[in-house]
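A.B. asks: Here you go, sequence then predicted model.
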Amino acid sequence: MSRIGVFICHCGVNISSTVDVEKIAEELAKEDGVAFATEYKYMCSDPGQKIIKDAIKEHNLDGIVVASCSPRLHERTFQLCIEAGGLNRYKLEMANIREQCSWVHKDKEFATEKAKDLIKMAVAKVRKNQPLTRFSIPVFKKALVIGGGIAGMQASIDIAKAGYKVTLVERTPTIGGRMAQLDKTFPTLDCSA
């Protein structure tokens, strides 16, 4: 059975002014598979991250849900935090209750219910998350450019000047694309061929 920790951020008053975070933390603590649920003023702060790391060890958590702002802003922060706490960074799910609840709804009761649903979905998702392993693969300094039109030729030149080997592929017998089919070009009416 999963042992999931749910951490709900107030984001100052950004979230807590519209969403009843205390109520959600109390209710989610009773959910199946949720071993620990709490809320804190700024979960992304050092003290907030310490709460997460301590809870991972104290409650033997195997999955983390952070309900806060956008994952674009802090997902990496929380991935590094749970990794420092001993969990695989991919055993994290984030519920964006700031942009998707508190900033778009005025009705506190509706925003609270919606936030609770978003967090429950994140809990369901983190149950299914598998720990992943990061690895590196070698990158070869060469590029394939498909299309020998003006854009393809210019891209090939730019990439080659950057020090990469370039292979330019064109399906017709000649390069130049549509430009090679024109006899004059605007605005100077120069010969294009």
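C.D. replies: Looks like it arrived, so ask away.
A.B. asks: Could you pull out the buried residues of the lengthiest helix in the chain?
C.D. replies: Secondary structure of the chain per DSSP state H: the longest helix is helix 108-128. Using 16 or more other Cβ atoms under 10 Å as the test for burial, helix 108-128 gives 111-116, 118-120, 122-123, 126-127. All C-beta spots, glycine's among them, are computed from the backbone N, C-alpha and C.
A.B. asks: ditto for stretch 157-177
C.D. replies: Result for stretch 157-177 [16+ other Cβ under 10 Å]: buried residues 159, 166, 168, 170, 175-177.
A.B. asks: Quick check: end-to-end length of it?
C.D. replies: Stretch 157-177 has an end-to-end distance of 16 Å (Cα to Cα, to the nearest Å).
A.B. asks: contact partners of it?
C.D. replies: 141-153, 156, 180, 193 (Cβ atoms under 8 Å, 6 or more residues apart in numbering).
A.B. asks: go again using 7 Å as the cut-off
C.D. replies: With Cβ atoms under 7 Å, 6 or more residues apart in numbering as the test, stretch 157-177 has contacts from 141-150, 152-153, 156, 180.
A.B. asks: got the domain boundaries for this structure?
C.D. replies: 4-128, 136-193 (automatic domain parsing).
A.B. asks: Can you tell me which of these has the worst average pLDDT?
C.D. replies: For the domains of the chain, the stretch scoring lowest in mean pLDDT is domain 136-193; its value is a mean of 87.
A.B. asks: roughly how far is that one from the heart of the chain?
C.D. replies: From the chain centre to the centre of domain 136-193 is a distance of 34 Å (Cα atoms, centre = their mean, to the nearest Å).
A.B. asks: could you dump the buried residues of stretch 157-177 to TSV with secondary structure and distance to residue 136?
C.D. replies: Output for the buried residues of stretch 157-177, formatted as TSV (DSSP: H, G, I helix; E, B strand; the rest coil; distance: Cβ to Cβ, whole Å):
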residue	secondary structure	distance to residue 136
159	helix	23
166	strand	24
168	strand	29
170	coil	34
175	coil	36
176	coil	39
177	helix	37
